[in-house]
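Visitor: Quick one, what's the 3D model for this:
(4 chains)
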Protein chains: 4
Amino acid sequence: MRSIRTDLAAEARDFAPEASGVRHQVSEDSIVSVTRVFIDTEQGALALGKPVGEYITLDAPRLMERDTDVFSRVAGELSSAIRSILEKKSVKRVDAVMVVGLGNRAVTADSLGPKVVEKTLVTRHLYEFMPEQANSRMRPVCAFAPGVLGVTGMETGEMVQSIAKRIRPRLVIAIDALASRSTERLGTSIQLADTGIHPGSGLGGKRAGLNEETLGVPVLAVGVPLVVHASTLSRDAVSLLIQRNGGLKDEEEEEKLLSLVDEVVSEKIGPLVVTPKEIDVIVSDLASLIAKGVNLALHELEPDEIEQFMS
Amino acid sequence: MRSIRTDLAAEARDFAPEASGVRHQVSEDSIVSVTRVFIDTEQGALALGKPVGEYITLDAPRLMERDTDVFSRVAGELSSAIRSILEKKSVKRVDAVMVVGLGNRAVTADSLGPKVVEKTLVTRHLYEFMPEQANSRMRPVCAFAPGVLGVTGMETGEMVQSIAKRIRPRLVIAIDALASRSTERLGTSIQLADTGIHPGSGLGGKRAGLNEETLGVPVLAVGVPLVVHASTLSRDAVSLLIQRNGGLKDEEEEEKLLSLVDEVVSEKIGPLVVTPKEIDVIVSDLASLIAKGVNLALHELEPDEIEQFMS
Amino acid sequence: MRSIRTDLAAEARDFAPEASGVRHQVSEDSIVSVTRVFIDTEQGALALGKPVGEYITLDAPRLMERDTDVFSRVAGELSSAIRSILEKKSVKRVDAVMVVGLGNRAVTADSLGPKVVEKTLVTRHLYEFMPEQANSRMRPVCAFAPGVLGVTGMETGEMVQSIAKRIRPRLVIAIDALASRSTERLGTSIQLADTGIHPGSGLGGKRAGLNEETLGVPVLAVGVPLVVHASTLSRDAVSLLIQRNGGLKDEEEEEKLLSLVDEVVSEKIGPLVVTPKEIDVIVSDLASLIAKGVNLALHELEPDEIEQFMS
Amino acid sequence: MRSIRTDLAAEARDFAPEASGVRHQVSEDSIVSVTRVFIDTEQGALALGKPVGEYITLDAPRLMERDTDVFSRVAGELSSAIRSILEKKSVKRVDAVMVVGLGNRAVTADSLGPKVVEKTLVTRHLYEFMPEQANSRMRPVCAFAPGVLGVTGMETGEMVQSIAKRIRPRLVIAIDALASRSTERLGTSIQLADTGIHPGSGLGGKRAGLNEETLGVPVLAVGVPLVVHASTLSRDAVSLLIQRNGGLKDEEEEEKLLSLVDEVVSEKIGPLVVTPKEIDVIVSDLASLIAKGVNLALHELEPDEIEQFMS
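Guide: Okay, the predicted model is just below:
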């Protein structure tokens, strides 16, 4: 069976479109398409290589245009998607939520999580220390960026577990940069998974899982594909080439050819992971967008109220 | 009795030079003077407004010259001072140590702690994940920067306690920026306290304590005065003026005048906290220096080996 | 005669309120006061220690609250003030303007100029390379940050002169951080001078002038007080103390006392220049505010159009 | 004839190994190989698509290991290479040199030039303003980063020309990030060209040339490949695939296939330019290395003296 190397459920589904135990819905307009993949059974989980749960993918190629209307629109969709998960998990209007920004702030392509934390409207401390500033349209929100193993010497999982055990949020939102199987999705796609993060996902590879099993509360993972393996780019090119030439007769033969691509690339180019040249501005834009979506979902505040509180 | 508003034991002692239960030693050369203040009794603690314990202050006015030899020399003294505390606390060569960088990385004057964490040689993860890279001249070291209340919504104390409880280091080193009573010490003085950090210290004011009582293991606080209250500058000036004029007959009268300074300053200038204009480069230099001192103290490695591991 | 050590005409006037050849107007509301000082004659210039010209000072203490409405309001006033100078200097709607951001980007307190340049809507290149994106409501604007002598080895004046000679703008706007005589104005006051910058002004001290004489076109200087000498803080405190005690009988005696303050401070505290602890966020806010004022003044675009072009 | 899309002469030569009017020398050891390509005639220039001149390429794959010894070694080779060009151009020990850092400091992959400028030991101002600090083992060096068209509204060429005309250096060193044809050279190769920079080179594409013709003095270009086109990665993969399969019988057929790769990639993947995920640390390391090579070449100072002056 074909191995599916992607963090994105929407991509995984493309490889196994007829897997049983998997449903999906798509709604789209000229700016953003929203794909919901529901993995309902263990059989579906096996087929897609992902745990049972709900996966929402927002695709918005026009994010590359850096248009402020497009940003607002996608932030609104993200907020709705987060709210739908909060509701599904029976998180109430007043329940505390913890935002965790995964990744290495010193590596731009991996700094999305820490940057979202900086832009998250935290309020948990207001209830204890400045109750006059807390507002009935807020909820207690806390946020932190645990850093990465090579910088802290501690596993992200160990850190988040210890702090969540103490703070006892009702739900955790974990933000992370992802590796993509497709160059088209770089910086233009946002995936939510109500299953949290499972070992081996994300850029870090060896990370312990952050999920209901390890943290004791539901975890909503929010990720954006920001890097791609050089070998993925090469596979894409060869696939396109084959399609252009009318495809190969035998699907198995195509897969053999693509495996050969992986082999020569890993021999000659090595394990190169690449990111668009404009990664600085892409990450900065997306951190603002995701923080906006998170802030709008967690509080009942207007965008300009949030801006006011954040300044 | 006079109130002593300073984080520095060496400064506090100047105000109560004959307090009983307090000993001190000074050794100095042309580059750095090392003052050790030992508060031995509760009476001494009361007199100096600081808990019973050992306080080591390194003063090196020539740090302002930014000379690489001066940096090396002070880093060496810092390393010796840290080692003397490790020994006193019976921390063994192989015991794990956790470095905590306090403060807000987005405020340069408060970012010393997080910057030291970035330059600390962490090794704890090597023992588990890359044992071949761990070295008999190392010990397990982990490090993190918890952030500040306004950014995380969580108290530093809560975060450090939860993580220390999980990781179980044998000792914690907490790095922080301090407020100084004297403009002369800004950026040129490093204080160590084997008593850890007590509520109300440091720039944040309301911080919960980080000490043996709260964390269950000894805490070595390492701080550098990087800000000064505008009113301190004014008091200094008026004091100097009085001295120049032969002093006032009555010490009480002098204190009354200085209180008046505080009053008019707080009315007219407000609670302005200032920092030298060159704070960016001062913090950057000191973060390197302190990390060097910490790395040399915790591991049995040569400076260039450490540099090699850090790159 | 008293020496007036300030970059601000509004402050200088306070020291010489009845100088002949000097007029002033004040208009104010609850958010911002606008003081226009006109130095009409050489006698006035001598009295205030500033060249003949127009000086506009916007004071907005509420900028410290970081309220988005206050920012917008002050940006609007700044835009009007800049437009009044453009008109006075007969700069037409289509004439090219060059924005120069003075200061050292690596020193936060001195980085206002370079940061404004990053946020300036530049358009000059559109006319040549992308004429379809140029818009009849724009004018050709270019911008650059020359850096400082210690980093480039070249004088700011040499660099700006050479480039202005080549580019031939109709007017230059030079943005700079200033030293203030008053702690109250730190970060809350913006001064415009249609006389440009004269040697010895600003933080750098030795800078060559940037003015009509050296550049051949009018120069509008826009500056914000962001640092203060430690001795200024001390003088302020002693002055307040004297006032509180009913003042001294003899004004000369007061000045003698203040000179003594300068003397003891410079002996004991040295030439310390300080800035508020929160300088990072103050500079960031002001750079956005000033860029907004400049962009609104130079182009006939709405704020959200400018935001769109800048993203 | 095949089009050669590369900024690197060493790469261009690989495509036309037998071009007449082109000589080359290689010397190598276990750390760095030095390839000198001399284009002696117009015919050679035509064959390689580069002007007549000398091109030196340092290749050091081990730079990726981030070993301090490797950095020192490559900096030493770079310094020798720069000195050989200075000598060839009859630049004397006391002649002034200007270092120009090209690129956009806000885009990490394009910020190499500005970062080298920050680490260059500038001395030109000492001769005029602090002659006691100038040293007989120095020469007058100035440095600046002109920024990019989209940020300044001015062409780099216009700015450098105006300033060079005023400052009159004897030679200009222009530092730039390059696009590579080969993923292997990303971040591990440094190319020097005594012909300067010609229109269309570098990441910016449309840049005016910086060369003896436009500036009136010789220009030494120093560049490092830091980005690669997605289509290059794909071409590489397909080429490797063909080689693995024993090659195609017809070289023309191979080229046709590769053109097809370009076509499908540009249709489906678009003009994606990518950079390694670790670009932040790669650029930071290389900026230090190149500045070290430049400083050692321009002055007769020891490495630790330079460090001392720079701090």
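Visitor: Tell me which helix or strand A:Q308 sits in.
Guide: Per DSSP states H and E: A:Q308 is located in helix A:303-310.
Visitor: So what sits opposite the residue nearest the centre of chain A in the bridge?
Guide: Chain A has A:G223 as the residue nearest its centroid, 1.1 Å off, counting by C-alpha atoms, centre = their mean. Beta-bridge partners recorded for A:G223 (DSSP bridges): A:D176, A:Q191.
Visitor: Show me where chain A dips below the pLDDT cut-off.
Guide: Residue ranges of chain A with pLDDT under 70: A:1-17, A:199-207, A:247-249.
Visitor: who in it is up against chain C?
Guide: Contact residues (C-beta under 8 Å from any C-beta of the partner chain) of chain A with chain C: A:R66, A:D67, A:T68, A:D285, A:D304, A:E307, A:Q308, A:S311. No exception for glycine: its C-beta is placed from N, CA and C like everyone else's.
Visitor: quick one: contacts for A:G153?
Guide: B:V122, B:T123, B:R124, B:H125, B:L126, B:P140, B:V141, B:C142, B:A143 (C-beta atoms under 8 Å, 6 or more residues apart in numbering or on different chains).
Visitor: So among the residues of chain A next to chain C, which ones count as buried?
Guide: Among those, the ones that count as buried by 16 or more other C-beta atoms under 10 Å in any protein chain shown are A:D285.
Visitor: check the residues of chain A next to chain C against chain D, which are close?
Guide: Here nothing survives when these are matched to chain D using C-beta under 8 Å from any C-beta.
Visitor: Would you mind listing what in chain A touches chain B?
Guide: For chain A, the contact set with chain B under C-beta under 8 Å from any C-beta comprises A:106, A:117-118, A:122-126, A:129, A:140-147, A:149-155, A:158-159, A:161-163, A:165-167, A:206.
Visitor: try 7 Å
Guide: Contact residues (C-beta under 7 Å from any C-beta of the partner chain) of chain A with chain B: A:118, A:122-125, A:141-144, A:147, A:149, A:151-154, A:158-159, A:162-163, A:165-167.
Visitor: What about the residues you listed, which are in helices?
Guide: A:118, A:124-125, A:149, A:151-152, A:158-159, A:162-163, A:165-167 (DSSP state H).
Visitor: Are any of those buried, and if so which?
Guide: Burial by neighbour count, 16+ other C-beta under 10 Å: within these this picks out A:E118, A:R124, A:H125, A:L149, A:V151, A:T152, A:E158, A:M159, A:S162, A:I163, A:I167.
Visitor: mind listing the strands for the stretch 51-200 of chain A?
Guide: A:53-59, A:97-101, A:141-144, A:171-180, A:189-193 (DSSP state E, counting those that start in this stretch).
Visitor: so can I have a markdown table of these showing distance to B:E278?
Guide: Converted to a markdown table, these look like this (distance: least, C-beta to C-beta, whole Å):
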| stretch | distance to B:E278 |
| --- | --- |
| strand A:53-59 | 46 |
| strand A:97-101 | 31 |
| strand A:141-144 | 31 |
| strand A:171-180 | 35 |
| strand A:189-193 | 42 |
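Visitor: any chance of those in CSV, with mean neighbour count too?
Guide: Below are those laid out as CSV (neighbours: other C-beta atoms under 10 Å in any protein chain shown):
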stretch, mean neighbour count
strand A:53-59, 23
strand A:97-101, 28
strand A:141-144, 26
strand A:171-180, 25
strand A:189-193, 26
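Visitor: so which of these comes closest to A:V32?
Guide: Comparing these against A:V32 with C-beta to C-beta, the closest turns out to be strand A:53-59 (5.6 Å).
Visitor: who touches that closest one?
Guide: For strand A:53-59, the surrounding residues in contact (C-beta atoms under 7 Å, 6 or more residues apart in numbering or on different chains) are A:8-10, A:32-39, A:74, A:77-78, A:81, A:188-195.
Visitor: ok, 8 Å please
Guide: A:8-10, A:32-39, A:74, A:77-78, A:81, A:84-85, A:88, A:185, A:188-195.
Visitor: Nearest to C:V273, out of the strands of the stretch 51-200 of chain A?
Guide: Among the strands of the stretch 51-200 of chain A, strand A:141-144 sits nearest to C:V273 (C-beta to C-beta), with 35.3 Å.
Visitor: just the helices in the stretch 201-311 of chain A please.
Guide: Shown for the stretch 201-311 of chain A, the helices assigned by DSSP state H, counting those that start in this stretch span residues A:212-215, A:230-244, A:251-268, A:279-298, A:303-310.
Visitor: any chance of the ones you listed in CSV, plus distance to D:V52?
Guide: CSV is the format used below for those (distance: least, C-beta to C-beta, whole Å):
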stretch, distance to D:V52
helix A:212-215, 65
helix A:230-244, 35
helix A:251-268, 33
helix A:279-298, 38
helix A:303-310, 58
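Visitor: so which of those comes closest to B:I290?
Guide: helix A:279-298 (29.4 Å).
Visitor: buried residues in the closest one?
Guide: For helix A:279-298, by 16+ other C-beta under 10 Å, it's A:279-283, A:285-287, A:289-298.
Visitor: And for stretch A:111-131?
Guide: Residues A:111-126 are the ones in stretch A:111-131 that count as buried (16+ other C-beta under 10 Å).
Visitor: again, but for stretch A:27-44
Guide: Of the residues in stretch A:27-44, A:I31, A:V32, A:S33, A:V34, A:T35, A:R36, A:V37, A:F38, A:I39, A:G44 count as buried by neighbour count, 16+ other C-beta under 10 Å.
Visitor: out of those residues, who's nearest D:E263?
Guide: Closest approach to D:E263 among the buried residues of stretch A:27-44 (C-beta to C-beta): A:S33, at 27.1 Å.
Visitor: what pairs with the closest one across the strands?
Guide: Using DSSP bridges, the beta-bridge partners of A:S33 come out as A:E28, A:D59.
Visitor: Farthest pair within the buried ones among the ones in helices among the residues of chain A next to chain B?
Guide: Farthest pair in those (C-beta to C-beta) is A:H125 and A:L149. Separation: 28.2 Å.
Visitor: quick one: which of the strands of the stretch 51-200 of chain A is nearest B:I173?
Guide: B:I173 sits nearest to strand A:141-144 of all those, at 20.3 Å, using C-beta to C-beta.
Visitor: Quick check: which helices or strands does the closest one pack against?
Guide: Judged by 3 or more C-beta pairs under 8 Å, 6 or more residues apart in numbering or on different chains; DSSP states H and E, the packing partners of strand A:141-144 are strand A:97-101, helix A:124-129, helix B:149-152.
Visitor: swap the cut-off to 6 Å and go again
Guide: Secondary-structure packing of strand A:141-144 (3 or more C-beta pairs under 6 Å, 6 or more residues apart in numbering or on different chains; DSSP states H and E): strand A:97-101, helix B:149-152.
Visitor: what residues does the stretch 101-250 of chain A put near chain D?
Guide: Residues of the stretch 101-250 of chain A lying close to chain D (C-beta under 6 Å from any C-beta of the partner chain) are A:V107, A:T108, A:A109, A:T183, A:V227, A:A230, A:L233, A:S234, A:A237, A:L240, A:L241, A:R244.
Visitor: Columns neighbour count on top of the residues you listed, output as a markdown table?
Guide: Output for those, formatted as a markdown table (neighbours: other C-beta under 10 Å):
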| residue | neighbour count |
| --- | --- |
| A:V107 | 20 |
| A:T108 | 25 |
| A:A109 | 26 |
| A:T183 | 22 |
| A:V227 | 22 |
| A:A230 | 24 |
| A:L233 | 29 |
| A:S234 | 26 |
| A:A237 | 27 |
| A:L240 | 19 |
| A:L241 | 19 |
| A:R244 | 14 |
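Visitor: returning to what we had before: which one of the buried ones among the ones in helices among the residues of chain A next to chain B is nearest to chain C?
Guide: Using C-beta to the nearest C-beta, A:E118 comes nearest to chain C of these, at 12.2 Å.
Visitor: Chain B: which of the residues of the stretch 101-250 of chain A next to chain D is nearest?
Guide: For those, the residue nearest chain B by C-beta to the nearest C-beta is A:V107; the value is 12.4 Å.
Visitor: Thank you, goodbye.
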